[in-house]
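[1] My questions are about this predicted structure, shown below with the sequence.
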Amino acid sequence: MPQQLVEITINGVQIGVRHDTDADVFVGFCPRFKVYSQGETKEDAREAVTSAVRLRLSTAFEHGRIVKVLRDAGFERIISGSTGQVPSPDDEFVAFKFTNNVEVTETNIRVPIGALLHQRSIACQH
């Protein structure tokens with residue numbers, strides 16, 4: 001059976017990074033998805049948070065909780081034609097204010113879930 005490739009892309013995800021002087025590491029965090037991680041450099045911390053968000057979303061999908069996780073992050077399900085307006089991918093659903101000494105960047109996070117769809121279809125056949 002060929003694997004179906006499905007990918008979730010979330011645009012403009014804010015990731016904050018600050019230096020923790022006590023631990024001498026950079027701490028990265030994404031308030032939208034309540035994810036934290038760390039790295040030796042700012043870029044390492046950003047990449048670690050991005051990976052953590054991907055893991056959170058793919059795990060949520062695998063356990064049938066993706067809709068709840070996305071709603072908790074401020075996303076709404078849009079049914080085509082229900083309002084006549086579909087938000088642009090650049091529209092911001094949730095805004096956060098960061099404190100001082102935090103470097104904030106925005107990134108697009110892509111979560112491939114094709115393998116999970118394939119595993120679920122196999123499980124359903126048994």
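    Okay, I see it.
[2] quick one: contacts for Ser51?
    Counting by Cβ atoms under 8 Å, 6 or more residues apart in numbering, Ser51 touches Ser37. From N, CA and C alone the C-beta is placed, and that goes for glycine too.
[3] What mean pLDDT does the helix or strand containing it get?
    Here Ser51, judged by DSSP states H and E, is contained in helix 42-62. Averaged across helix 42-62, pLDDT comes to 93.
[4] now do stretch 14-34
    Rounded mean pLDDT across stretch 14-34 is 94.
[5] What are the buried residues along the helix or strand just after the helix holding Ser51?
    Going down the chain from helix 42-62, the next helix or strand is helix 66-72, by DSSP H and E. By neighbour count on 16 or more other Cβ atoms under 10 Å, the buried set for helix 66-72 is Ile66, Val69, Leu70.
[6] C-terminal to helix 66-72, what's the next element?
    Assigned by DSSP H and E, the successor of helix 66-72 is strand 103-112.
[7] For that following strand, give me every contacting residue.
    Contacts of strand 103-112 (Cβ under 8 Å, 6+ apart): 5-18, 42, 46, 50, 53-54, 57-58, 61, 98.
[8] now stretch 22-38
    With contact meaning Cβ under 8 Å, 6+ apart, stretch 22-38 is reached by 13-20, 39-42, 44-46, 48-49, 51-53, 56-57, 69, 73-74, 94, 96.
[9] quick one: buried residues of it?
    In stretch 22-38, counting by 16+ other Cβ under 10 Å, buried: Val25, Phe26, Val27, Gly28, Phe29, Cys30, Pro31, Arg32, Phe33, Val35, Ser37, Gln38.
[10] Phi, psi for the third one please.
    In terms of degrees, to the nearest 10, the main-chain angles of Val27 are phi -100, psi 130.
[11] Kindly state the beta-bridge partners for it.
    Beta-bridge partners recorded for Val27 (DSSP bridges): Arg18, Gln38.
[12] buried subset of the contacts of strand 103-112?
    Burial by neighbour count, 16+ other Cβ under 10 Å: within the contacts of strand 103-112 this picks out 10, 13-18, 46, 50, 53-54, 57-58, 61.
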